[in-house]
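Student: sequence and predicted model, in that order:
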Amino acid sequence: MIDSSFFTWCDISHCHVDSTEEFTGGSSGIGEYRGALTTFLCSKIRISHCTLDSNSCNLNGEDVNPPGAILLMEFSSPIIDHSTIENNVGLSGISMVGYCSPKISNNEIRQNVSGNAAGAGLSMNFFCNPTVQGNLITQNETYASQGGGVHILGYCYPRVYGNVITYNTAVGTGGGIHLNSTSADIVGNLITNNRTLDSVNCGTSAVGGGGISGSFCHGSLDPSLAQGRIHNNIIVNNSCEHRGAGIILKRSQFIVSNNLISNNQSLVSGGGGQFIDDSSTFINNIFFSNTIYFTKNILFKVNIKY
């Protein structure tokens, strides 16, 4: 085991890490419990042109869903670029918690599976401010309630720019992206063919949102934290079995501008979008050719400014 907090700089490149190999370069936690790679108090690692494939975690013979591929903990801010993170089972492909600000760019994050945790592709939790740019995030599945592709929770301010987020699945809310009590900047992404499968609830959370869901849901946080920008995205061909197939917002204060929200399908309401007890501002969006079975294209409730 190597304590990565003592590195001046470590460049991990052109590596292949799967369930049959031991990875020992630049990680402070390796093996059965941590998954492929874990950093702690580390900002001087670059993970580049690597493949992290088919890693899983198991503790005492029980599936407890710790991270399957990469876990960033407490002030860890590595560069992760031009890598493939696929077929991992655990918390998510890349997971971070506590004051992490990594730069995650030009990766393929695909076919990862999370059993009981949110965010099968990418998960950000509490005070994390990453830049996530130019990645393909696809075919990830979570059996928890939130965020098939990307999950963002609590006091985070990520910049999510220019990604392709497609064919991800969540049971409950946010097939593509789930925003929970966070001030995210979601700009210039293609969010397509994502889906939610059920009506699992999360307290005050929005339920549905095949493409994007955003809400205040964490009981200890200020509802005003559910804000930020959703700007210049293409949100098309998403589906849900509940509400708001393209986008659903609840008790949030986002600026939603210049988005194309089209050809999304919902079984219950808000095929393009549904907005509940919300104070978001809508500017110059196109809602076009969305499908619902029981109600109208866009469903607004309370305090919407557009």
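Tutor: Yep, it's here.
Student: every contact and neighbour count from this point should use C-alpha atoms.
Tutor: Will do.
Student: can you pull out the helices in the stretch 101-250 of the chain?
Tutor: If you assign secondary structure with DSSP state H, counting those that start in this stretch, the stretch 101-250 of the chain ends up with no helices.
Student: in it, which segments are predicted with low confidence?
Tutor: Applying pLDDT under 70 to the stretch 101-250 of the chain flags the ranges 116, 144-145, 198-207, 216-226.
Student: let's see that with 50 instead.
Tutor: Across the stretch 101-250 of the chain, the ranges flagged by pLDDT under 50 are 202-205, 220.
Student: bridging residues for residue 138?
Tutor: In this structure, residue 138 has the following beta-bridge partners (DSSP bridges): residue 110, residue 166.
Student: surely it and residue 111 touch.
Tutor: Yes - counting by CA atoms under 8 Å, residue 138 sits close enough to residue 111 to count as a contact (6.7 Å).
Student: between these two, what contacts are shared?
Tutor: With contacts taken as CA atoms under 8 Å, 6 or more residues apart in numbering, residue 138 and residue 111 have residue 121 as neighbours in common.
Student: which of those two has more neighbours?
Tutor: Just comparing residue 138 and residue 111: by other CA atoms under 10 Å the higher neighbour count belongs to residue 138, 26 against 23.
Student: now for the more buried one: which residues touch it?
Tutor: Contacts of residue 138 by CA under 8 Å, 6+ apart are 108-111, 121, 149, 164-168.
Student: between those, which is nearest residue 190?
Tutor: Proximity of the contacts of residue 138 to residue 190, judged by CA to CA, is greatest for residue 164, which lies at 4.8 Å.
Student: I'd say that closest one and residue 139 touch.
Tutor: No - using CA under 8 Å, residue 164 and residue 139 do not qualify as a contacting pair, with a distance of 11.3 Å.
Student: which one's more surrounded, those two?
Tutor: Higher neighbour count among residue 164 and residue 139: residue 139, with 24 against 20, using other CA under 10 Å.
Student: of all the contacts of residue 138, which comes closest to residue 90?
Tutor: The shortest distance between residue 90 and any of these, using CA to CA, involves residue 121 and amounts to 10.5 Å.
Student: what about the strands in the stretch 201-306 of the chain?
Tutor: Secondary structure of the stretch 201-306 of the chain by DSSP state E, counting those that start in this stretch: the strands cover 212-215, 227-231, 234-236, 239-240, 247-250, 253-257, 260-262, 265-266, 273-276, 281-283, 286-288, 291-292, 298-301.
Student: those strands: which one's closest to residue 192?
Tutor: Ranking the strands of the stretch 201-306 of the chain by proximity to residue 192 (CA to CA) places strand 234-236 first, at 5.0 Å.
Student: go ahead and flag the most central residue of this protein.
Tutor: residue 150 (1.0 Å; CA atoms, centre = their mean).
Student: I figured it hits residue 121, correct?
Tutor: Yes - using CA under 8 Å, residue 150 makes contact with residue 121 at a distance of 5.9 Å.
Student: how near is the residue nearest to the centre of the chain to residue 195?
Tutor: Distance, residue 150 to residue 195, using CA to CA, to the nearest Å: 13 Å.
Student: now do the shared contacts for those two.
Tutor: Once CA under 8 Å, 6+ apart is applied, the residues that residue 150 and residue 195 both contact turn out to be residue 176.
Student: I'd say residue 40 and residue 70 touch.
Tutor: No - using CA under 8 Å as the test, residue 40 is too far from residue 70 to be in contact (11.4 Å).
Student: okay, those two: which has more neighbours?
Tutor: Taking residue 40 and residue 70 together and counting by other CA under 10 Å, residue 70 has the greater number of neighbours (24 against 19).
Student: assess the claim that the more buried one and residue 95 are in contact.
Tutor: Yes - with contact taken as CA under 8 Å, residue 70 and residue 95 are classed as touching, separated by 6.2 Å.
Student: hang on, residue 247 packs against residue 210?
Tutor: Yes - applying CA under 8 Å as the test, residue 247 and residue 210 come out as touching, 6.9 Å apart.
Student: hmm, back to that, most tightly surrounded among the strands of the stretch 201-306 of the chain?
Tutor: strand 239-240 (a mean of 32; mean count of other CA atoms under 10 Å).
Student: quick one, phi/psi of residue 284?
Tutor: Backbone torsions of residue 284, given as degrees, to the nearest 10, read phi 60, psi 40.
Student: what does residue 48 give?
Tutor: phi -130, psi 140.
Student: next: the one 3 residues further on.
Tutor: In this entry, residue 51 is assigned phi and psi values of phi -120, psi 120 (degrees, to the nearest 10).
Student: burial count for it?
Tutor: Residue neighbour count, defined by other CA under 10 Å, stands at 21 for residue 51.
Student: who does it bridge with?
Tutor: Here residue 51 sits in beta bridges with residue 16, residue 84, as judged by DSSP bridges.
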